[in-house]
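> Curious how this folds, go ahead:
(one chain, ligands or ions: 2)
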Amino acid sequence: MITAGVDIGSLTAKAVILRDKEIAGYAVIPGGADVTAAAGRALGQALEKAGLRQEDLTAIVATGYGREKVPMAGKTVTEITCDARGTHYLFPEAGMIIDIGGQDSKVISLDAEGRVLDFTMNDKCAAGTGRFLEVMARALEIELDQLGPVSLKHRKTVVISSMCTVFAESEVVSLIAEGYAREDILNGLHQAIASRIAAMAQGQRVGKVIMVGGGVAKNTGVVKALEDRLKAKVKVPPEPQIVAALGAAICAQEIVNR
Ligand SMILES: Nc1ncnc2c1ncn2[C@@H]1O[C@H](COP(=O)(O)OP(=O)(O)OP(=O)(O)O)[C@@H](O)[C@H]1O
Ligand SMILES: [Mg+2]
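Ligands and ions are numbered 1, 2, ... in the order given. Purely as a prediction, here's the structure:
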């Protein structure tokens, strides 16, 4: 059976093609204002990589913030369920997933079968999300993909006291003016994000293995800070942005098999 999952996030559109138990193709593209067009492009690119056409698909499931605007999808499923399915496929031993995307962050605990036990979601403000780090990267004049490598070179501890994006940005600007090193400031920001996520995980069963997904999982500084704070083994899949789209493609298989 061949199915597709389409995840429309606040910043990027993702699609995964699943042929039985194997990922046959995927795409991650910038979202843009026209959600429906972005969904079509992501699906088109993923199909092309798989060497397939839309007619070859038995079912399509949409998830993410823009899931209601994906006309080709027969059904929608929440990101929480899709993240859980995708994580269990990638790391069956994972007891928790931390998904840090562009606009929200989620902490989800799973049972041994990959079912959702509990979850906490922050979608009220940019604190602890990719957007927060994008603002800080601009203030520090560091490219997004350099955030991890630069912060891992830190020497001194800098504590960022505010998690509000606007206040934290002023704090960063002041710290730069006071002569603090960029790597130390950045590490302070990553520690602040990790402590915010740890607070979200409190009260949930952490388990031995945590998977970190979403675009911010590409930031090795955030991943290291989470590992230190949560004292668990942290796994990052090769393509952390496609976890929910993969989960949606798995949900599509389950729906057909029901
Ligand atoms: N190489 C990288 N290094 C650091 N951060 C990155 C990198 N690539 C992407 N990001 C971050 O990932 C974020 C986007 O993540 P993702 O694609 O998971 O978001 P989304 O699914 O659209 O958002 P949401 O789930 O919140 O609606 C961006 O804000 C960006 O800061
Ligand atoms: Mg997302």
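
> Domain ranges for the chain, per the record?
In terms of domains, the chain is parsed into 1-91+241-258, 94-236 (source: automatic domain parsing).

> Is there proximity between whatever helix or strand Tyr89 lives in and ligand 1?
According to DSSP states H and E, Tyr89 maps onto helix 79-90. No. On the criterion Cβ under 6 Å from any ligand atom, helix 79-90 is out of touch with ligand 1, staying 6.8 Å away. Yep, even glycine has a C-beta here, placed from its N, CA and C like the rest.

> For Met136, what is the enclosing helix or strand?
Take DSSP H and E as the rule and Met136 turns out to sit in helix 130-140.

> which parts of the stretch 51-200 of the chain sit against ligand 2?
Contact residues, the stretch 51-200 of the chain versus ligand 2 (Cβ under 5 Å from the ion): Gly101.

> again, only using 6 Å
64, 101 (Cβ under 6 Å from the ion).

> Now do the strands in the stretch 51-200 of the chain.
59-63, 75-76, 96-100, 105-110, 116-122 (DSSP state E, counting those that start in this stretch).

> Figure out which of the ones you listed is closest to ligand 1.
When the strands of the stretch 51-200 of the chain are compared by Cβ to the nearest ligand atom, strand 96-100 sits nearest ligand 1, at 6.7 Å.

> What does the pLDDT read for the residue located most distally from the centre of the chain?
Largest separation from the mean C-alpha position in the chain: Glu178, at 33.6 Å (Cα atoms, centre = their mean). The per-residue pLDDT reported for Glu178 equals 97.

> can you give me phi and psi for it?
Glu178 adopts backbone torsions of phi -80, psi 0, taken as degrees, to the nearest 10.

> distance of it from ligand 1?
Distance, Glu178 to ligand 1, by Cβ to the nearest ligand atom, to the nearest Å: 26 Å.

> and that residue, how far is that from Lys153?
Separation of Glu178 from Lys153 (Cβ to Cβ, to the nearest Å): 19 Å.

> same deal with Asp145?
15 Å.

> More neighbours: those two, which one.
Lys153 (13 against 10; other Cβ atoms under 10 Å).

> ok, the more buried one touching Glu183?
Yes. Counting by Cβ atoms under 8 Å, Glu183 is a contact partner of Lys153 at 4.5 Å.

> Just give me the residue right at the centre of this protein.
Gly214 (1.3 Å).

> Surely that residue and Pro240 touch.
Yes. Using Cβ under 8 Å, Gly214 is in contact with Pro240, at 6.1 Å.

> contacting residues around the residue lying closest to Cys82 once chain neighbours are set aside?
Sequence neighbours aside, Gly247 is the residue nearest to Cys82 in space, at 3.3 Å (criterion: Cβ to Cβ, 6 or more residues apart in numbering). Shown in contact with Gly247 (Cβ atoms under 8 Å, 6 or more residues apart in numbering): 5, 63, 77, 81-87, 89.

> Need those residues in a markdown table (columns: distance to Ile210 and neighbour count).
What follows is these, written out as a markdown table (distance: Cβ to Cβ, whole Å; neighbours: other Cβ atoms under 10 Å):
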| residue | distance to Ile210 | neighbour count |
| --- | --- | --- |
| Gly5 | 22 | 35 |
| Thr63 | 21 | 31 |
| Val77 | 22 | 23 |
| Thr81 | 18 | 20 |
| Cys82 | 18 | 28 |
| Asp83 | 13 | 28 |
| Ala84 | 13 | 28 |
| Arg85 | 17 | 27 |
| Gly86 | 14 | 31 |
| Thr87 | 10 | 30 |
| Tyr89 | 16 | 18 |
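
> quick one: which of these is nearest Gly44?
Gly5 (14.5 Å; Cβ to Cβ).

> Appreciated, that's everything.
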